[in-house]
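>>> got a predicted model here, sequence first, then my questions.
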There are 2 protein chains.
Amino acid sequence: MTNLLDTGIRNARNVDRYIFGQGAIGELADIINLRRNTQKDQVVFLIDEYFEVCPSIVDQLPFEANDQLYYVSTQDEPTTFSVDKLTDEVMSNGDGDVCAIVGMGGGSVLDTAKALSNLLTNGGCASDYQGWDLVKVPGVFKIGIPTISGTGAEATRTCVMTNKESGLKLGMNSDHTVFDQLILDPGLTVTVPRTQYFFSGMDAWIHCIEALSGSYRNPVGDAFSTQAIDLCRDVFGDGNMRSDRNRAKLMVASYLGGCAIATSYVGVVHPFSAGLSVVLGLHHCEANCIAMMAMESFYPKEYREFIKFVEMNEINIRSGVCEGLSDSQFNTLFQSTIVHEKPLTNALGDEFRTVLTESRVRELFERM
Amino acid sequence: MTNLLDTGIRNARNVDRYIFGQGAIGELADIINLRRNTQKDQVVFLIDEYFEVCPSIVDQLPFEANDQLYYVSTQDEPTTFSVDKLTDEVMSNGDGDVCAIVGMGGGSVLDTAKALSNLLTNGGCASDYQGWDLVKVPGVFKIGIPTISGTGAEATRTCVMTNKESGLKLGMNSDHTVFDQLILDPGLTVTVPRTQYFFSGMDAWIHCIEALSGSYRNPVGDAFSTQAIDLCRDVFGDGNMRSDRNRAKLMVASYLGGCAIATSYVGVVHPFSAGLSVVLGLHHCEANCIAMMAMESFYPKEYREFIKFVEMNEINIRSGVCEGLSDSQFNTLFQSTIVHEKPLTNALGDEFRTVLTESRVRELFERM
């Protein structure tokens, strides 16, 4: 169990550039045009399928005749299979002339854009790069445009994909995975349904409360987490979480939460949430909230604040999601949770397995 | 006066990478070695002269035989002349083989490193690039290692230089001015004298309170400023501002304060401080504190907090610095203050000249 928590010295990689503001999406054309040249002039747009029926948004995007446009389904979160399939499609539809990738959507779309960018220049398939620092060369220039706030995918050095063969939910953790450019336009989150808005926003809050409760701490991560939490508190304790002002604040909280991840670890919630995603296919942000409902013993103060947010914003968190699962499924849930050694060590210490026995883990899942 | 305050949409450029932590300086060798190659293997070290007599620090730096080492005097803040002179020296001592510049020191040394980096690849002289976005091509790879916290120079896109011919104190505001790598090691600030520690730390606090009091605001800048202020409050309201924990916090506050500057403007304090620097040659951070003592009418709440910090940490702020100046000198002070239209508009609106008349400005300087 040594070296699971390192010294706190790690070279954090920032997103190169970000534009923030209502209407910032209007800057996309200029940014893209700086990338187009006579050798490489094709842009790949990955857009959340949600926007396929939103001409007001899509019509203002700067498509050129040679560009590729994909509406990305977010029914399921990215898998190594879905990423490989998309990469093949992009390569067969393009002619190696891709100068930029635009990912516009939630965490799934942003992560897909990051993975595609790496694969187009590194070759191979997605599972080759699941892990730490396996990506060899920079990807294609990539622009992230979040349309929902909370995951922090816009700021992180990973792109989470489920590998259905290995059962592992793991990203390409690499400096090369970080976006070259972000466009943070709170105007784009105006149509997010309220429940989804809450679930995603809580992702930022949850990973920051996990980080601040852990034993692996440093003043940079703490500062980003503290500020993200304060902003979330403003947003979800306000009574009108989706006001213009609060949507702007939540977009900042998401970005800062992503920056916090770079220098900190999550705790108990995310491993349980990952279990729910792997076994039951639940989406990450909803799974976090479902897991949080069983976390009172680990995070008592934060649990109470979470309940306050849920009640104040009249959110219905599904319960009984593990009802009727077989012993074998519970065992898979256990394995998919306990595999996350770094965050669990961060939260519970080296001996986390003595706390999180199989029966205790099952009992917690049964409460969800 | 139009367009002085823009729309809030600007493409902010982050520092590429940062390492934070006690002992992080030990990572410098690895970072430099990644840059050295057979064509270009020379590193230029610019080190605050303060460390010339600190073998414990300097001896651990990874010098190679071909490298250039300069101890930078911080008696005076950088001028276009001092930067040009250094650039000539580096070019005549080197053979165009510089692969990296290391700037280790306070704001003056960091700014000098940034300016040198730009000049080595862009040619010309420093004054050619004083202004906005005049630097054409990326500079030499540059590493910033702050040894005192507060100015935010480690995070900003400028490098302030006084041009003694034009009287203008203005930097090379450019994305190319941003550091490629930071090493943020709180161990390096352990020897900073307490008064200087206070003055520099207050620079972060002051530019953040100015930003939050201005009319040009956005949620990203606000978040960075708020967190930097909270950290400063922890540090300077603690009774032991230089404890290990507080030095680490102040280093984070400085970095976040620098990030805040990227998306916000300062207010009334900095223009007055700039006047003091240009006319009396006072260093920026001390000049800020001297100016702050006359700012009660503009920032009443913040003024009271500042006085509390001063008293709690038993700092002596010089007074009477403008005593005995001639009318002509007061006029120069006025001109050097009022020229800063953007921050003054941010603080006082388009009509700031009706508030800051020459007699009012003189009266304020006379109080300092």
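Everything's here; your move.

>>> next one: the residue lying farthest from the centre of chain A from A:Asp97, what distance?
Distance from the C-alpha centroid of chain A peaks at A:Thr38, with 34.6 Å (C-alpha atoms, centre = their mean). The gap separating A:Thr38 from A:Asp97 is 10 Å, by C-beta to C-beta, to the nearest Å. (C-beta placed from N, C-alpha, C; glycine too.)

>>> same question for A:Leu28.
Relative to A:Asp97, and taking C-beta to C-beta, A:Leu28 is found at 19 Å.

>>> can you check A:Glu314 too?
50 Å.

>>> which one's more surrounded, these two?
Set A:Glu314 next to A:Asp97 and count neighbours by other C-beta atoms under 10 Å in any protein chain shown: A:Asp97 wins out with 14 against 9.

>>> where does that one land on pLDDT?
Looking at A:Asp97, its pLDDT stands at 85.

>>> just the buried positions in stretch A:71-84, please.
Using 16 or more other C-beta atoms under 10 Å in any protein chain shown as the test for burial, stretch A:71-84 gives A:71-72, A:74, A:77-84.

>>> need the residues you listed in TSV (columns: distance to A:Glu363).
Output for the buried residues of stretch A:71-84, formatted as TSV (distance: C-beta to C-beta, whole Å):
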residue	distance to A:Glu363
A:Tyr71	42
A:Val72	37
A:Thr74	32
A:Glu77	27
A:Pro78	31
A:Thr79	30
A:Thr80	32
A:Phe81	33
A:Ser82	34
A:Val83	35
A:Asp84	38
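
>>> which of those residues lies closest to A:Gly320?
Among the buried residues of stretch A:71-84, A:Glu77 lies closest to A:Gly320 (C-beta to C-beta), at 21.9 Å.

>>> ok, now which ones touch that closest one?
A:108, A:160-162, A:277, A:283-284 (C-beta atoms under 8 Å, 6 or more residues apart in numbering or on different chains).

>>> can you do 6 Å?
A:Glu77 makes contacts with A:Ser108, as judged by C-beta atoms under 6 Å, 6 or more residues apart in numbering or on different chains.

>>> hang on, it is in a helix, isn't it?
No - for A:Glu77, which was evaluated using DSSP: H, G, I helix; E, B strand; the rest coil, the result is coil, with no helix membership.

>>> any idea how far it lies from A:Gly105?
Counting by C-beta to C-beta, the gap from A:Glu77 to A:Gly105 is 12 Å.

>>> measure stretch A:52-59 end to end?
Using C-alpha to C-alpha, to the nearest Å, the end-to-end distance of stretch A:52-59 comes to 10 Å.

>>> give me the residues contacting that stretch.
Outside stretch A:52-59, the residues touching it (C-beta under 6 Å, 6+ apart) are A:51, A:71.

>>> for stretch A:148-168, same thing?
A:13, A:15, A:78-80, A:83, A:106-107, A:110-111, A:114-115, A:126-127, A:144, A:146, A:169, A:171-173, A:175, A:177-178, A:182, A:189, A:192, A:200-201, A:203-204, A:250-251, A:254-255, A:257-259, A:261, A:278.

>>> just the CA trace of that stretch, in PDB.
Presented in PDB, the C-alpha positions along stretch A:148-168 are these (Å, rounded to 0.1, in the frame of the first residue of the first chain):
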ATOM      1  CA  ILE A 148     -23.800  21.600 -18.100                       C
ATOM      2  CA  SER A 149     -21.700  22.300 -15.000                       C
ATOM      3  CA  GLY A 150     -20.200  20.100 -12.400                       C
ATOM      4  CA  THR A 151     -18.100  17.200 -13.600                       C
ATOM      5  CA  GLY A 152     -14.900  19.300 -14.000                       C
ATOM      6  CA  ALA A 153     -14.200  17.300 -17.200                       C
ATOM      7  CA  GLU A 154     -13.300  20.700 -18.800                       C
ATOM      8  CA  ALA A 155     -10.300  21.100 -16.500                       C
ATOM      9  CA  THR A 156      -9.000  17.600 -15.800                       C
ATOM     10  CA  ARG A 157      -6.200  15.400 -17.300                       C
ATOM     11  CA  THR A 158      -8.500  12.400 -17.700                       C
ATOM     12  CA  CYS A 159     -11.300  11.200 -19.800                       C
ATOM     13  CA  VAL A 160     -13.300   8.500 -18.100                       C
ATOM     14  CA  MET A 161     -14.300   5.400 -20.100                       C
ATOM     15  CA  THR A 162     -15.800   2.200 -19.000                       C
ATOM     16  CA  ASN A 163     -14.000  -0.900 -20.400                       C
ATOM     17  CA  LYS A 164     -16.800  -3.500 -20.500                       C
ATOM     18  CA  GLU A 165     -14.300  -6.300 -21.000                       C
ATOM     19  CA  SER A 166     -12.200  -5.600 -18.000                       C
ATOM     20  CA  GLY A 167     -15.000  -3.900 -16.000                       C
ATOM     21  CA  LEU A 168     -12.700  -1.000 -15.300                       C
END
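
>>> report the buried residues of the helix or strand bottoming out on mean pLDDT in chain A.
Here the helix or strand of chain A ranked lowest by mean pLDDT, DSSP states H and E is helix A:55-58, holding a mean of 84. Within helix A:55-58, the residues that count as buried by 16+ other C-beta under 10 Å are A:57-58.

>>> one step back: distance check, the residue farthest from the centre of chain A against A:Cys99.
In terms of C-beta to C-beta, A:Thr38 sits 10 Å off from A:Cys99.

>>> also A:Thr263?
32 Å.

>>> for chain A, what lies in contact range of chain B?
By the rule C-beta under 6 Å from any C-beta of the partner chain, the part of chain A lying against chain B is A:8-9, A:11-14, A:17-21, A:24, A:219-220, A:223, A:227, A:248-249, A:252.

>>> still on that earlier bit, and the buried residues of stretch A:71-84, which two are furthest apart?
That would be A:Tyr71 and A:Thr80, which, of the buried residues of stretch A:71-84, are the farthest apart (C-beta to C-beta) at 20.4 Å.

>>> ok so, going back, mind checking pLDDT for the residue farthest from the centre of chain A?
At A:Thr38, pLDDT is 83.

>>> again with the one 10 residues further on
The score at A:Asp48 is 95. That number is its pLDDT.

>>> is it true that it touches A:Val109?
Yes - here A:Asp48 reaches A:Val109: they are 4.9 Å apart, a contact under C-beta atoms under 6 Å.

>>> so between those two, which is more surrounded?
Taking other C-beta under 10 Å, A:Asp48 and A:Val109 do not tie; A:Val109 has more neighbours (30 against 24).

>>> which residues does the more buried one contact?
Going by C-beta under 6 Å, 6+ apart, A:Val109 touches A:46, A:48, A:72, A:103.

>>> just give the nearest non-adjacent residue to A:Gly281, would you?
With sequence-adjacent residues excluded and distances taken as C-beta to C-beta, 6 or more residues apart in numbering or on different chains, A:Gly281 is closest to A:Asp76, at 6.9 Å.

>>> what do you get for A:Asp16?
A:Asp180 (4.8 Å).
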